[in-house]
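Chemist: one predicted model, sequence on top.
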Amino acid sequence: MEPYELTVAEASQLIREGKLTPVRLLESILERIDALEPTLEAWVTMDRERALSDAEALTREAQEGALRSPVHGIPVGIKDIYFTQGLRTTMGSPLYADHVPEYDAETVTILRDAGAVIPGKTETTEFAAYDPAPTRNPWNTEHTPGGSSSGSAAAVSSGMCPAALGSQTGGSVIRPAAFCGVVGLKPTYDLISRRGVFPLAWSLDHVGFFTRTVEDASIMLDVLSGVEHHPDPEPPKLGLLRGYYEKTADESVWEGLMDAAGRLEEAGAEVVELQLPRSFEYVHPAHRIIFAAEAASVHEEGFRKNPESYKPKMRSQVAAGLLIPSRAYLRAKRIRGVFAMEARDLLGEADCLLTPSSVTPALRGLESTGDPAFNAPWSFCGFPAITVPCGLTGDGLPLGLQLTGPPYGEEGLLSAAGWCERILDFPKGSRTP
Amino acid sequence: MILDLYRTIPMQRIPASTISITGADLDAGCNLEDPSILEQMLRTAEERYGPDEAERLKPFIKKLAEAVWKVQGFELEPGDDPSGDPGEDR
């Protein structure tokens, strides 16, 4: 097995045992990137020199027995909306093509202090919104990897790094993770600092990340949140949401979920059907209003000075968003409060909610990164969500199941996800396109 | 005495549509209860961006106008969380 194929936990153990050095791991990762990047286009900017220098220092520390954390020497990709000191951060926009921040995002500082190595910045849709990145899906390069965290999902899926940061305002972690057959975790709103992450819609923006296993997601969460979680995988009580989800899902997606739910039930999970609350009907329009109003506010000044520098979808989004009446925005926020309360009540009936991770499998073509409709409700109310790969379509594209837990219920969510992962037994290896 | 009053007077649900201080006054003439919200947004777009750009933006404005129209149909109760920001009750 080549080092690039290792999960975070596996690589960390080998580094701890002195059987792998951070330098050797990084070299393997860089070779993998060199081999696949021309096909996948997952990276915007590489930082080889600093990454190698950091890996050398971390190798010396490891040899002296001074390990900083479970991510000591582990390469982690960073979505290109996270500020990185001295390293270009473009937000996927021509406006910021030469932008070099003077400081690291807080999450980047935490990762560097914990011993992670940052090989470079991963592709994003413009400002983490709609205009697509050039990245291709490792499972089928004719298909989108999803977005907005397109590069991070494709990089983790293909073994170009074992973990990567993303962000989610609608469905930008869960959906690309599902499209690329990896694990994606969007923790509770505000659990992880957003300082130094370029905002899209600040009251919906979440830090999230991609890994190839639930165990790795737990490691990343501990490091980034500063809180230790001790998931204990055991058969969960899953609240299956039919209604809107069943009606909206592509047939292959719903069949995949039903098949997975059946396997989980056979293995000992309790699957109960729950009804979506009344306020759910208003969740998508309210999310759309908050998203558009806050994004327009973030870009108001830049847009008025330089509208032509925005890509077409973002330009329209900002221009239209500036027309939203303030009362509609405030009303949407109050609906969020009601939905959060009702969703919390719903979670009194089960350990977590079970839905498909995406409306469709990865779409053909790169023009659209897919529909975030199945993820947006949980970004809207700020509850933690995770996607676990659960099977393949007839065309060989990955499908994911989305689990949603109560606020700050990450430990229970990871317990359920870890158990589901073990039962569903989706291949964890890196995908070669 | 005050506590007793609170106990004996049943809480009444007041439909948002009956609240007299509406967006017409507060929102520079943009009345959310008026089904012509789309026309109002398009008119504003024309004034701000010109007719060609407003026409180009029409599909986006239409989606947002539909969302605005939809959320105004949700009946909020006086006690509903006034901010709705996640994490506030942490």
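Modeler: Yep, it's here. Numbering: from 1, shown residues only, chains lettered A, B, ... in the order given.

Chemist: use CA for all of it now, contacts and neighbours both
Modeler: Fine.

Chemist: low-confidence stretches in chain B?
Modeler: Counting by pLDDT under 70, chain B has low-confidence residues at B:1-35, B:82-85, B:87-90.

Chemist: what's in contact with the strand or helix carrying residue A:78?
Modeler: Using DSSP states H and E, residue A:78 sits in strand A:76-79. Contacts to strand A:76-79, defined as Cα atoms under 8 Å, 6 or more residues apart in numbering or on different chains, come from residues A:116-124, A:149, A:151-152, A:155, A:161-167.

Chemist: what does stretch A:52-61 give?
Modeler: Stretch A:52-61 has contacts (Cα under 8 Å, 6+ apart) with A:21-23, A:26, A:67, A:72-73, A:115, A:117.

Chemist: could you redo the last one with a cut-off of 10 Å?
Modeler: A:15, A:18, A:20-27, A:30, A:48-51, A:62-68, A:72-75, A:112, A:115-119 (Cα atoms under 10 Å, 6 or more residues apart in numbering or on different chains).

Chemist: so for it, what's the average pLDDT?
Modeler: Throughout stretch A:52-61, pLDDT has a mean value of 98.

Chemist: give the buried residues for it.
Modeler: A:52, A:54-61 (16 or more other Cα atoms under 10 Å in any protein chain shown).

Chemist: relative to residue A:231, which of the residues you listed is nearest.
Modeler: Checking the buried residues of stretch A:52-61 against residue A:231 with Cα to Cα, the nearest one is residue A:58 at 28.4 Å.

Chemist: what about the closest one, which SS state?
Modeler: Secondary structure for residue A:58, judged by DSSP: H, G, I helix; E, B strand; the rest coil, is helix.

Chemist: any idea how far it lies from residue A:50?
Modeler: To residue A:50, residue A:58 is 12 Å away according to Cα to Cα, to the nearest Å.

Chemist: poorly predicted segments of chain A, please.
Modeler: Scanning chain A for pLDDT under 70 picks out no residues.

Chemist: quick check, central residue of chain A?
Modeler: In chain A, the residue lying closest to the centroid (Cα atoms, centre = their mean) is residue A:173, at 2.6 Å.

Chemist: wait, that residue touches residue A:146, no?
Modeler: Yes - using Cα atoms under 10 Å, residue A:173 is in contact with residue A:146, at 8.8 Å.

Chemist: so what sits against both of the two?
Modeler: Residues within reach of residue A:173 and of residue A:146 at once, by Cα under 10 Å, 6+ apart, are A:153, A:372.

Chemist: if we can go back for a sec, just the ones in helices from the contacts of strand A:76-79, please.
Modeler: Secondary structure assignment by DSSP state H places A:151-152, A:155 of the contacts of strand A:76-79 in helices.

Chemist: who wins for neighbours among these?
Modeler: For these, counting by other Cα atoms under 10 Å in any protein chain shown, the largest number of neighbours falls to residue A:152: 37 neighbours.

Chemist: how close does that one sit to chain B?
Modeler: Distance, residue A:152 to chain B, using Cα to the nearest Cα, to the nearest Å: 26 Å.

Chemist: which ones are touching that residue?
Modeler: Residues near residue A:152 by Cα under 10 Å, 6+ apart: A:42-43, A:76-80, A:121-124, A:135, A:145, A:160-167, A:173, A:176-177, A:209-211.

Chemist: can we see that at 7 Å?
Modeler: For residue A:152, the contacting residues are A:42, A:77, A:79, A:122, A:164-166, A:210, by Cα atoms under 7 Å, 6 or more residues apart in numbering or on different chains.

Chemist: of the residues you listed, grab the buried ones for ChimeraX.
Modeler: Restricted to buried positions by 16+ other Cα under 10 Å, the ChimeraX selection for the contacts of residue A:152 reads:
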select /A:42,77,79,122,164,165,166,210
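
Chemist: on that earlier part again, helix or strand next in line after the strand holding residue A:78, which one?
Modeler: Once the chain leaves strand A:76-79, the next helix or strand it forms, by DSSP H and E, is helix A:106-113.

Chemist: for that next one, the distance to its chain's centre please.
Modeler: Relative to the chain's own centre, helix A:106-113 is displaced by 17 Å; criterion: Cα atoms, centre = their mean, to the nearest Å.
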